[in-house]
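Enquirer: Here you go, sequence then predicted model.
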Amino acid sequence: RMETDCSPMELPNNTGFEEDSDYRDFEGTDVKDMRLEAEAVVNDVLFAVSNMFVSKTLPCAEDVAYINVETRERNRYCLELTEAGLRVVAYDFDQTDDRLQTPYHETVYSLLDSLSPAYREVFGNALLQRLEALKKESQS
């Protein structure tokens, strides 16, 4: 299990929202912790890039996390992960550049697909191998 250096904000149990009807719909709703989401993103595509990890120096919160990625072409990026998706926020690890206006991608796959031809090739090959394996399983 990986160590995390930040945790979701802890709310006291008696927030007073229970009796307020405007907040009743939010009871029991899971708030996504973006660090956990970011770890899942990294685990999904790590095999197809040179290096990828959740930033330990940039702040993470319930609504944002930062992921460092180095493509197989040796290009480095810092990605911001929010509910809106993923986008490049800098062209180096653990950096953000407010002047950078890059588009959001719904998935890490489409973002990496746009950044790295080598990622596209490795990911495509892995997909083909998986399909071949499934085909063999269904024939046996």
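Expert: Alright, I've got the coordinates. Residues are numbered from 1 along each chain as shown.
Enquirer: which residues of the protein score low on pLDDT?
Expert: 1-32 (pLDDT under 70).
Enquirer: Which stretches in it count as helices?
Expert: Assigned by DSSP state H, the chain shows helices spanning 34-45, 108-115, 117-139.
Enquirer: So what angle separates the directions of the last one and helix 108-115?
Expert: Orientation note: helix 117-139 sits at an angle of 130 degrees relative to helix 108-115 (axes from the mean of the first three to the mean of the last three C-alpha atoms, to 10 degrees).
Enquirer: how close does Lys135 get to Glu83?
Expert: Separation of Lys135 from Glu83 (C-beta to C-beta, to the nearest Å): 37 Å. From N, CA and C alone the C-beta is placed, and that goes for glycine too.
Enquirer: Give me the neighbour count for Ala133.
Expert: Residues near Ala133, counting by other C-beta atoms under 10 Å, number 10.
Enquirer: Would you mind measuring from it to Leu127?
Expert: Ala133 is 11 Å from Leu127, by C-beta to C-beta.
Enquirer: Likewise for Glu70?
Expert: Taking C-beta to C-beta, one finds Glu70 at 22 Å from Leu127.
Enquirer: Contacts only, for Ala126.
Expert: 47-48 (C-beta atoms under 8 Å, 6 or more residues apart in numbering).
Enquirer: Asp94 touches Ser55, doesn't it?
Expert: Yes - here Asp94 reaches Ser55: they are 5.3 Å apart, a contact under C-beta atoms under 8 Å.
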